[in-house]
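J.: Give me a 3D structure for the following:
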Amino acid sequence: MLTRRRVALIAHDQKKDDMVAFARDHRSYLASCELVATGTTGSRIAKACPDLKIRRLKSGPLGGDQQIGALIAERNVDLVIFFVDPLTPMPHDVDVKALMRLAIVYDIPLALNRATAEAILEQEEAATPATGR
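T.: Below is the predicted model:
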């Protein structure tokens, strides 16, 4: 029996539209996954893709990044897709770096932009049998 992939979705403010577009483009794959997202990102995706079931945590600056970090440490996340805005200063940059560090320590695939996320999902979809998960 195949288990459902557990995917965390996060996007900085200037990348939320990109994340919503990504979710729309990959909704059939994402529908086969257990999804968790930080607050606003999860709300935006849920509104655009009502068929996706998303567990929404707190907003990133209010602890959502740390909540996802805890899920990584507990081995409850298999993939993190985090659309980062490198051009805008983040007051919670320390939390973002901690989340990235945990993904590295626990060897969790971490996509920081759409191109990397696309490459990971392409590999995932190629490895998935046609009958689904």
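
J.: which stretches of this structure have low pLDDT?
T.: 1-2, 128-133 (pLDDT under 70).

J.: hey, where'd the helices end up in it?
T.: 16-25, 27-30, 39-48, 64-73, 93-105, 114-127 (DSSP state H).

J.: Out of these, which is the most enclosed?
T.: Stretch with highest mean neighbour count among the helices of the chain: helix 64-73 (a mean of 21; mean count of other CB atoms under 10 Å). Using the backbone N, CA and C atoms, a C-beta is placed for each residue, glycine as well.

J.: if we can go back for a sec, for the helices of the chain, which one sits closest to Val7?
T.: Of all the helices of the chain, it is helix 27-30 that lies closest to Val7, at 6.9 Å by CB to CB.

J.: So what touches stretch 42-56?
T.: With contact meaning CB atoms under 8 Å, 6 or more residues apart in numbering, stretch 42-56 is reached by 9, 16, 19-20, 23-24, 27, 30-31, 34-39, 57.

J.: Arg24 versus the closest residue to Ala103 other than its chain neighbours, what's the distance?
T.: Computed as CB to CB, 6 or more residues apart in numbering, the closest residue to Ala103 that is not its neighbour in sequence is Leu110, at 4.1 Å. Distance check for Leu110 against Arg24: by CB to CB, to the nearest Å, it reads 22 Å.
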